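1. whatever this is, show me its structure:
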Amino acid sequence: MKKQDFIFILCVVACFMPFFLSDDIFNFYVGYNKAHGMITSFIKFACLATLGEVIGLRLKTGVYNQKGFGILPRAIVWGGIGLTLKLAMVIFYTGTPMFLNYLGLEGASEILKGAFSAEKLLVAFSISACMNLIYAPVMMTFHKITDIHILDNGGTIGGLLKPIQFATIFKRIDWDVQWNFVYKKTIPFFWIPAHTFTFLLPPDYQVLCAAALGVILGLLLAIASLKTAK
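-> This next block holds a predicted model:
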């Protein structure tokens, strides 16, 4: 482990430790998240998903930042994606149980709030599967397009604000990696099980779990970029 890795880990631990050591800080976070879910979603993903990408860059190049990488533009994009993810979680968390009720599983919403059971596992899995099969591919593709756009424009804020050439960049995506790794492997083998577990947790712990998954999301998409580079 190099000195930069030790400093990086120390900084990350210092940022997260107060939430585990202080009940007051944790309770403030939970309360603020309940009252201002969209704001905290922007902040969480701007920080945590970008953190995952920074770790991915370290694995790829040996450094945590480099010219043209664009940490701040990436954070802004991830913050925006965090808003859409919060929207998706609300929609699917509410709508999927209603659909299960329509299919014959009566009281699916109440089952989800109750003690663990096979039915609760089924409801949580259904929510996760619907969200990740319908929303996740669109989000991941949008992220890939913005990733290329940021790199093309030198990783600057001004470059981020330039019009995104969606049609041109769409053709440049490595669809072999996007399909065979990002879609076919991470969605069924990681994201659906991970979010199933998330939806089984009490609401307060769902917040923390979703935040932790933000780091992994950024890291996995950074690994996908590494595969493309190879």
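2. quick one: average pLDDT of stretch 76-90?
-> For stretch 76-90, mean pLDDT is 92.
3. okay, buried residues for it please.
-> Neighbour-count burial for stretch 76-90 flags 76-82, 85-86, 88-89 (criterion: 16 or more other CB atoms under 10 Å). All C-beta spots, glycine's among them, are computed from the backbone N, C-alpha and C.
4. narrow the residues you listed to those in helices?
-> Judged by DSSP state H, the buried residues of stretch 76-90 include 76-82, 85-86, 88-89 as members of helices.
5. will you turn these into CSV that also has distance to residue 46?
-> Conversion of those to CSV gives the following (distance: CB to CB, whole Å):
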residue, distance to residue 46
76, 7
77, 9
78, 5
79, 4
80, 9
81, 9
82, 7
85, 12
86, 13
88, 17
89, 17
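6. ok, so of these, who is nearest residue 213?
-> Checking those against residue 213 by CB to CB gives residue 85 as the nearest, at 9.7 Å.
7. now, the most widely separated pair of the ones in helices among the buried residues of stretch 76-90?
-> 76 and 89 (20.7 Å).
8. worst-scoring helix or strand of the protein, pLDDT-wise?
-> helix 203-229 (a mean of 75; mean pLDDT, DSSP states H and E).
9. what packs against that one?
-> Helix 203-229 is packed against helix 23-35, helix 37-61, helix 71-103, helix 136-152, helix 175-177, helix 192-200, with contacts defined by 3 or more CB pairs under 8 Å, 6 or more residues apart in numbering; DSSP states H and E.
10. for the ones you listed, which has the smallest mean pLDDT value?
-> Taking the mean pLDDT of the helices and strands packed on helix 203-229, helix 23-35 comes last: a mean of 84.
11. flag every buried residue along that one.
-> Those would be 29-30, 33, for helix 23-35 by 16+ other CB under 10 Å.
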